[in-house]
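J.: With the input below, show me the fold.
(2 chains)
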Protein chains: 2
Amino acid sequence: MTHEEIPDIVIGRLPIYLRELNRLQNEGDKVTTSSHELGQRLGISSAQIRKDLSHFGEFGKQGTGYHINYLVEQLRQILHLDIIWPVALIGAGSLGTALAYYNGFMPRGFEIQWIFDNDPGKVGREINSIVVQTLDELEETIAKNRVVIAIIATPASAAQEIVDRLVEAGVNAILSYAPLHLTAPNGVHISYSDPVTELQRMSYYLVP
Amino acid sequence: MTHEEIPDIVIGRLPIYLRELNRLQNEGDKVTTSSHELGQRLGISSAQIRKDLSHFGEFGKQGTGYHINYLVEQLRQILHLDIIWPVALIGAGSLGTALAYYNGFMPRGFEIQWIFDNDPGKVGREINSIVVQTLDELEETIAKNRVVIAIIATPASAAQEIVDRLVEAGVNAILSYAPLHLTAPNGVHISYSDPVTELQRMSYYLVP
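T.: Below you'll find the model as predicted:
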């Protein structure tokens, strides 16, 4: 089993399964679940779920389904969440600040540990107990701490240069909130979050 | 040509094309572009772009490519962006506040006009010149103003109830930042933004 064989679209669904399994854990009234129940809760066919999971092994038994805690542990291992990944955040504007305060990262495997901004009015201030550093310190901090994951919450105009600098310093996974397509060498993963492209995708279906 | 015939994944790429065409407009040094150039800039094959656009008509000419301003106008019409859609925001925490201040909505077809929260400490305050309303006023405001698009920036625990209330009041497109799958009747569109699922999708590829 090599990673390359599994379509990225399958990988993209695993965190959704994990998130729902965590919800089942929190609800606390079941030890096992089934592809049928998961599918019902997620609006995904049970066949799809079984097929996706089958890429990684046999997690359930015909008739008894999946042991929730066991499947959670397996998915966490597959997604490399048995550690907390330290994350660098670039951009301490209102979105960056909201991300820095977001308490949903740590329980799910990530922790923003460094924040960078080029605004002298922000550098030196604390956001959620993290001192904002100047962008001049980006490369040294990334390299010294072997940071491989970063979140970009800068204006679009700054984002590509930041990506170039992050990649050069050793980052190979970037979540960007800047509303533009970014380029990076092969092997560097970039995910995007742009509320407007999401809204526009939906407005297509609406009658003005 | 009916909407149903065009795969949603194609619709999802149109806003990306539009965004890049807007960038070409802003760069200002070209009148035309090509599927090749767009593809290069977006990391998408030119054949894919031509195929996607061909669902909607003939926008370019062999040899001369696409007239940028014309294609922008066409895409705006296809995506129903020839109006500014008024949007209701639910949740005035740090993320909701960042969204309320985001200046990227209006130029691209959307405007947050109402903000709701159930925290008495927030109700009545202004965020970017919008007075935060109590959730008790949600249904009446949505219905009276015929709001059809909403953004949810509440905790996960509140989100499903909010969806139910929004849909009941007439909303049929929802962008949710709450980290859970939401259910809604057929015909209601829900998009999600969860930074952690994006990060987990990438951590799969990383070596811990």
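J.: Only C-alpha atoms from now on, for both contacts and neighbour counts.
T.: Will do.
J.: just the strands in chain A please.
T.: For chain A, strands defined by DSSP state E occupy the ranges A:32-33, A:60-61, A:65-67, A:85-90, A:110-117, A:126-127, A:130-134, A:149-152, A:173-176, A:189-192.
J.: how about CSV for these, with distance to chain B and mean pLDDT added?
T.: CSV is the format used below for these (distance: least, CA to the nearest CA, whole Å; pLDDT from 0 to 100):
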stretch, distance to chain B, mean pLDDT
strand A:32-33, 17, 96
strand A:60-61, 22, 75
strand A:65-67, 20, 93
strand A:85-90, 8, 98
strand A:110-117, 8, 98
strand A:126-127, 12, 98
strand A:130-134, 17, 98
strand A:149-152, 8, 98
strand A:173-176, 6, 98
strand A:189-192, 6, 98
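J.: Using a markdown table, lay out the ones you listed together with distance to residue B:125 and mean neighbour count.
T.: As requested, those are arranged in a markdown table below (distance: least, CA to CA, whole Å; neighbours: other CA atoms under 10 Å in any protein chain shown):
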| stretch | distance to residue B:125 | mean neighbour count |
| --- | --- | --- |
| strand A:32-33 | 45 | 18 |
| strand A:60-61 | 51 | 15 |
| strand A:65-67 | 47 | 17 |
| strand A:85-90 | 29 | 23 |
| strand A:110-117 | 28 | 22 |
| strand A:126-127 | 23 | 14 |
| strand A:130-134 | 28 | 19 |
| strand A:149-152 | 29 | 26 |
| strand A:173-176 | 30 | 25 |
| strand A:189-192 | 32 | 19 |
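J.: Could you list the low-pLDDT ranges of chain A?
T.: Flagging of chain A using pLDDT under 70 yields the residue ranges A:1-4.
J.: Could you list the buried residues of stretch A:155-163?
T.: When burial is assessed from 16 or more other CA atoms under 10 Å in any protein chain shown, stretch A:155-163 yields the following buried residues: A:156, A:159, A:160, A:162, A:163.
J.: Counting only helices, which of those residues make the cut?
T.: Secondary structure from DSSP state H places A:156, A:159, A:160, A:162, A:163 of the buried residues of stretch A:155-163 in helices.
J.: which outside residues touch the longest helix along chain A?
T.: In chain A, assigned by DSSP H, the helix with the most residues is helix A:8-27. Residues external to helix A:8-27 that are found in contact with it (CA atoms under 8 Å, 6 or more residues apart in numbering or on different chains): A:30, A:38, A:41-42, A:52, A:68-69, A:72, A:75-76, A:79, B:179-181, B:197-198, B:200-201, B:204.
J.: Which parts of that helix count as buried, going by neighbours?
T.: For helix A:8-27, by 16+ other CA under 10 Å, it's A:10-22, A:24-25.
J.: for stretch A:38-51, same thing?
T.: A:38, A:39, A:42, A:46, A:49, A:50.
J.: can you redo the strands of chain A as CSV with distance to residue B:116?
T.: Below are the strands of chain A laid out as CSV (distance: least, CA to CA, whole Å):
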stretch, distance to residue B:116
strand A:32-33, 36
strand A:60-61, 43
strand A:65-67, 40
strand A:85-90, 28
strand A:110-117, 28
strand A:126-127, 25
strand A:130-134, 30
strand A:149-152, 28
strand A:173-176, 27
strand A:189-192, 27
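J.: So which of these is nearest residue B:62?
T.: Closest to residue B:62 of those, according to CA to CA: strand A:189-192, at 32.3 Å.
J.: just checking, what packs against the closest one?
T.: strand A:173-176, helix B:195-203 (3 or more CA pairs under 8 Å, 6 or more residues apart in numbering or on different chains; DSSP states H and E).
J.: Now tabulate the ones you listed in CSV and tack on distance to residue B:84.
T.: Converted to CSV, those look like this (distance: least, CA to CA, whole Å):
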stretch, distance to residue B:84
strand A:173-176, 25
helix B:195-203, 27
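J.: Quick one, which of these gets closest to residue B:133.
T.: Closest among these, using CA to CA: helix B:195-203, at 27.2 Å.
J.: In that closest one, which residues are buried?
T.: For helix B:195-203, burial by neighbour count (16+ other CA under 10 Å) applies to B:195, B:196, B:197, B:198, B:199, B:200, B:201, B:202, B:203.
J.: Is it in proximity to chain A?
T.: Yes - judged by CA under 8 Å from any CA of the partner chain, helix B:195-203 and chain A are in contact via B:195, B:196, B:197, B:198, B:199, B:200, B:201, B:202, B:203.
J.: Buried residues, stretch A:60-78. List them.
T.: So stretch A:60-78, judged by 16+ other CA under 10 Å, has buried residues A:60, A:66, A:67, A:68, A:71, A:72, A:74, A:75, A:76, A:78.
J.: Show only the entries of those residues found in helices.
T.: Short answer: the buried residues of stretch A:60-78 in helices (DSSP H) are A:68, A:71, A:72, A:74, A:75, A:76, A:78.
J.: quick check, nearest of those residues to residue A:98?
T.: residue A:76 (25.7 Å).
J.: Quick check: residue A:80 touching residue B:201?
T.: No - with contact defined as CA atoms under 8 Å, residue A:80 does not reach residue B:201; the gap is 9.8 Å.
J.: wait, what's in contact with the residue sitting nearest the centre point of chain A?
T.: By CA atoms, centre = their mean, chain A has its centre lying nearest to residue A:175, at 7.1 Å. By CA under 8 Å, 6+ apart, residue A:175 lies in contact with A:150, A:151, A:152, A:190, A:191, A:192, A:193, B:195, B:198, B:199.
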